[in-house]
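Colleague: predicted structure and sequence below. I'll ask about it afterward.
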Amino acid sequence: MMEIELAARPLTPMPGRSEWRLNFPRGAAVSGFKPTDTKMTSLTLADYADQIAAAGRLLSTARRILFITGAGLSADSGLPTYRGVGGLYEGALTDIGLPIEQALSGAMFARRPDITWHYLSQIESSCRGAHPNAGHFAIARLEALHGGVTVLTQNVDGFHLAAGSRNVIEMHGTLRRLRCIDCGRARHVDNYAGLAIPPDCPHCGGVLRPDVVLFGESLPDQAVHRFEQVLKAGPDLIVSVGTGSGFPYIAGPVVWAIENGIPTIEINPGGTPLSERVSFRFRLRAAEALPALLDAAGYSLDSGRDAAG
């Protein structure tokens, strides 16, 4: 959801493959890694029958699968994207005349937590009442049966965990956990209804904030470390779902895979700068494409819903 900086951390080269490093400049975005085509298409599953069958075989035979998911996956649950067409902040400025990147920055929270909380509560409100969709359940089902699945998500809605996925790296944190900036105590909340803006810590009176990464803040060390371990192990299939590849740590692994002959799948109704380079490209909604791929791999989504709880 938010574009933030990533500290440089080198990775050990994988045998027989070029090295991919988490070494992008702090605060920098990859030039040109922006969605290139946001138009929806009229293509259907039937148009991709042969490709889905082939991609399904990849899912069934890959040992280590990395799913990279963004706002487009949760859009199928009814959540708006943020900068896309029809998103919460499609316009250039917010209703108080600030770019959303400034309103949701760590610097703004330090000066005016009420402003940052105003937009955080808008985002949380857009999630309220929504639930994981068939795409989330398909990924969880594959993990339950396959075992070698990792999910790296930019989303802060918690839907992957709610669908039953366990090996999830929430790179941008979660809206459901609040932490006091003074005493550090944390609490879980189902929603923000009834909270003061900004809310006070019931223990020390300090200001609470969601455990999310704001603009200009570094990624959490624990999440980065887990991601490094996944990359060191060497995924042999990367599936990009509902993300425009706008962040270095999102685009980088996909580029590395392409350059090293590792299969890649992109699921996105629009286009990205990597769309023409991936092994399989499905211009479909995640909620229809992922269950179809699961079926092609020989698994059943319906029983997966039960297993995911």
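Modeller: Now that the structure is in, tell me what you want to look at. Residues are numbered from 1 along each chain as shown.
Colleague: list the beta-bridge partners for Thr150.
Modeller: According to DSSP bridges, the partner residues bridging Thr150 are Leu66.
Colleague: so, low pLDDT: which residues of this protein?
Modeller: 1-41, 81-92, 245-246, 300-309 (pLDDT under 70).
Colleague: for the residue sitting furthest away from the middle of it, grab phi and psi.
Modeller: Note on the chain: the largest C-alpha distance from the chain mean falls to Cys204, namely 33.2 Å (Cα atoms, centre = their mean). Dihedral angles of Cys204 (phi, psi; degrees, to the nearest 10) stand at phi -120, psi -10.
Colleague: same thing with the one 3 residues further on?
Modeller: When read as degrees, to the nearest 10, the backbone of Val207 gives phi -90, psi 130.
Colleague: packing partners for the strand ranked longest in the chain?
Modeller: Scanning the chain for the longest strand, with DSSP state E as the assignment, gives strand 173-180. The helices and strands touching strand 173-180, judged by 3 or more Cβ pairs under 8 Å, 6 or more residues apart in numbering; DSSP states H and E, are helix 113-127, strand 186-188, strand 208-212. C-betas here are computed from N, CA, C, even on glycine.
Colleague: so the residue farthest from the centre of the chain sits against Gly184, correct?
Modeller: No: contact between Cys204 and Gly184 fails when scored by Cβ atoms under 8 Å: they sit 9.5 Å apart.
Colleague: one step back: so who does the closest residue in space to the residue farthest from the centre of the chain that isn't next to it in sequence touch?
Modeller: Take Cys204 and drop its neighbours on the chain: the residue closest to it by Cβ to Cβ, 6 or more residues apart in numbering is Cys183, 4.4 Å away. For Cys183, the contacting residues are 201, 203-204, 206, by Cβ atoms under 8 Å, 6 or more residues apart in numbering.
Colleague: and the strands in the stretch 151-300 of the chain, which stretches?
Modeller: 168-170, 173-180, 186-188, 208-212, 237-241, 264-267, 280-282 (DSSP state E, counting those that start in this stretch).
Colleague: chain center to the longest one: distance?
Modeller: So the one you mean is strand 173-180. 16 Å (Cα atoms, centre = their mean, to the nearest Å).
Colleague: just checking: what are the partner strands of it?
Modeller: strand 186-188 (antiparallel), strand 208-212 (antiparallel).
Colleague: can you tell me what sits against the last one?
Modeller: Which is strand 208-212. Outside strand 208-212, the residues touching it (Cβ under 8 Å, 6+ apart) are 2, 109, 113, 116-117, 120, 124, 156, 172-181, 186-187, 198-201.
Colleague: need the CA coordinates for that strand. CSV is fine.
Modeller: In CSV, the C-alpha atoms belonging to strand 208-212 read as follows (Å, rounded to 0.1, in the frame of the first residue of the first chain):
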residue,chain,number,x,y,z
LEU,A,208,-1.3,4.8,19.9
ARG,A,209,-0.5,4.0,16.3
PRO,A,210,-1.2,1.0,14.1
ASP,A,211,1.7,-1.4,13.5
VAL,A,212,2.0,-0.3,9.9
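Colleague: what angle sits between it and helix 113-127?
Modeller: 50 degrees (axes from the mean of the first three to the mean of the last three Cα atoms, to 10 degrees).
Colleague: so what's the residue count around Gln222?
Modeller: Residues within reach of Gln222, counting by other Cβ atoms under 10 Å, total 9.
Colleague: same check, this time on Ile65
Modeller: Ile65 has 23 neighbouring residues, counting by other Cβ under 10 Å.
Colleague: I'd say it and Gly147 touch.
Modeller: No: look at Ile65 against Gly147 with Cβ under 8 Å: they stay out of range, at 9.9 Å.
Colleague: Ala134: how many residues sit nearby?
Modeller: With other Cβ under 10 Å as criterion, Ala134 counts 23.
Colleague: just the helices in the stretch 151-300 of the chain please.
Modeller: Taking DSSP state H, counting those that start in this stretch as the criterion, the stretch 151-300 of the chain carries its helices at 159-163, 221-233, 248-259, 286-296.
Colleague: which parts of the stretch 1-150 of the chain are helices?
Modeller: 49-61, 71-75, 100-103, 106-111, 113-127, 134-146.
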